[in-house]
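Asks: Got a predicted structure plus its sequence, pasted below:
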Amino acid sequence: MSTDDHTEKFRIDKWLCAARFFKTRSLAADAVECGKVHVNEVRVKPAKTVAVGDMLTINIGQKQYVVEVLALSNKRGPAAQAQKLYRETEASRQRREAIAAQLKSQPQPFFFKGRPTKRDRREIERFKKGK
């Protein structure tokens, strides 16, 4: 974290990478460019500067994070340090946990690996006929 946070400018894509929402800066920039990241409910470009107190909405797959920026950093560090850069809202955390529980309760799709065996084909036929 920087000692003089008020004078330095931090790009949103670099901050997202430092806060460990994305593995690389280019992935963060692509997400911002595609509209998956909003700053104070406004769609922005990857070069947008982020400030302490900004509210970010970050969509990653089926997860949505609503976080407040607490500190600024350009460097990707350990996870413990990255978690000090932001605070997730309680509503956002509860919504993510509810979605995770819902996804966990759904049956996982079954996929064949390679060509089905004779037994697999018989089961497929039985399933199609409804027996």
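Replies: Yep, it's here.

Asks: ok now the host helix or strand of A100, how far from the chain's centre?
Replies: For A100, the enclosing helix or strand under DSSP states H and E is helix 90-105. Offset of helix 90-105 from its chain centre (Cα atoms, centre = their mean, to the nearest Å): 13 Å.

Asks: name the helices or strands packed onto that helix?
Replies: strand 63-69 (3 or more Cβ pairs under 8 Å, 6 or more residues apart in numbering; DSSP states H and E). (Glycine included, C-beta is placed from N, CA and C.)

Asks: returning to that earlier point: name the next helix or strand following the helix holding A100 along the chain.
Replies: In N-to-C order, the element after helix 90-105 by DSSP H and E is helix 118-129.

Asks: List the buried residues in that following helix.
Replies: Across helix 118-129, burial judged by 16 or more other Cβ atoms under 10 Å covers no residue at all.

Asks: and if you look at stretch 96-115?
Replies: Going by 16+ other Cβ under 10 Å, stretch 96-115 has these buried residues: R96.
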